[in-house]
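Enquirer: The following comprises the amino acid sequence and a computationally predicted model.
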Amino acid sequence: MIRKAFPHIAVLLLIGLTWCKNSAADNAAKIGAILKPFAGEWVVVSLDRGGKRSSAQEMQDIRVTVEGDRFTIVELRGSRAFAGGRSVRDVFTEDYTLQVDPAQPLGEINFAYLSPSDLLGQTRPGLYAFEENQLKICLAESGGSRPTDFTAGNKVQVLVLESKK
């Protein structure tokens, strides 16, 4: 009896494995398609951190790049004057992995920290929307609830980027 059932079980297992493999490939393709418009270099048009709007100069000092699922923000902060008129600025970098789930509503996203190292593994839930050549992002702090709209507030940041393309 077992000998007769074995070929049928093996066929069912192969079908199941093939379906899982195709399903994973389909899911990866869907994620790639969702993330494709994020790719490139972005200029900060507006930044509101918890209700505090950044100045034009502060926004000019921020660079955003996206490659694949990696989202990187590099920001120059402060200014320290030294003899001879030279100054040094601190460079602050945040790296994230963008996480989207094709089964969830379009516009939901998670930013999982890659750096700084003290935040590694933490995730910021958020929303995104594309409007012409702009990308609007609303992020809660790690451990916070996903925002329901693009309103900055306590522990919620809104970032508007414009494509350099």
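Expert: Structure's in. What do you need? None of these values were measured; they are calculated from a predicted model.

Enquirer: is it true that residue 79 touches residue 61?
Expert: No - Residue 79 lies out of contact with residue 61 (Cβ atoms under 8 Å); the separation is 10.2 Å. Just so you know, the C-beta spots here come from the backbone N, C-alpha and C atoms, and that holds for glycine as well.

Enquirer: Which one of the two is surrounded by more residues?
Expert: Neighbours around residue 79 and residue 61, counted as other Cβ atoms under 10 Å, are more numerous at residue 61. The numbers are 18 against 9.

Enquirer: ok, now which ones touch residue 48?
Expert: By Cβ atoms under 8 Å, 6 or more residues apart in numbering, residue 48 lies in contact with 54, 152, 157-159.

Enquirer: wait, which of these is closest to residue 35?
Expert: residue 159 (16.8 Å; Cβ to Cβ).

Enquirer: Roughly how far does the closest residue to that closest one other than its chain neighbours sit from residue 26?
Expert: Excluding its sequence neighbours, the residue lying closest to residue 159 (Cβ to Cβ, 6 or more residues apart in numbering) is residue 137, at 4.6 Å. Here the criterion is Cβ to Cβ, to the nearest Å. By it, residue 137 lies 26 Å from residue 26.

Enquirer: ok, the two, which is more surrounded?
Expert: The neighbour comparison of residue 137 against residue 26 (other Cβ under 10 Å) goes to residue 137, with 23 against 11.

Enquirer: pLDDT score for that one?
Expert: Residue 137 is assigned 97 on the pLDDT scale.

Enquirer: please renumber so the chain begins at 398
Expert: All right, first residue 398 from here; so that's residue 534.

Enquirer: wait, what's in contact with the residue lying closest to residue 511 once chain neighbours are set aside?
Expert: Excluding its sequence neighbours, the residue lying closest to residue 511 (Cβ to Cβ, 6+ apart) is residue 492, at 3.9 Å. Going by Cβ under 8 Å, 6+ apart, residue 492 touches 467-469, 510-512.

Enquirer: following the host helix or strand of residue 492, which helix or strand comes up?
Expert: When elements are assigned from DSSP states H and E, residue 492 belongs to strand 484-496. As assigned by DSSP H and E, the chain's next helix or strand after strand 484-496 is strand 505-512.
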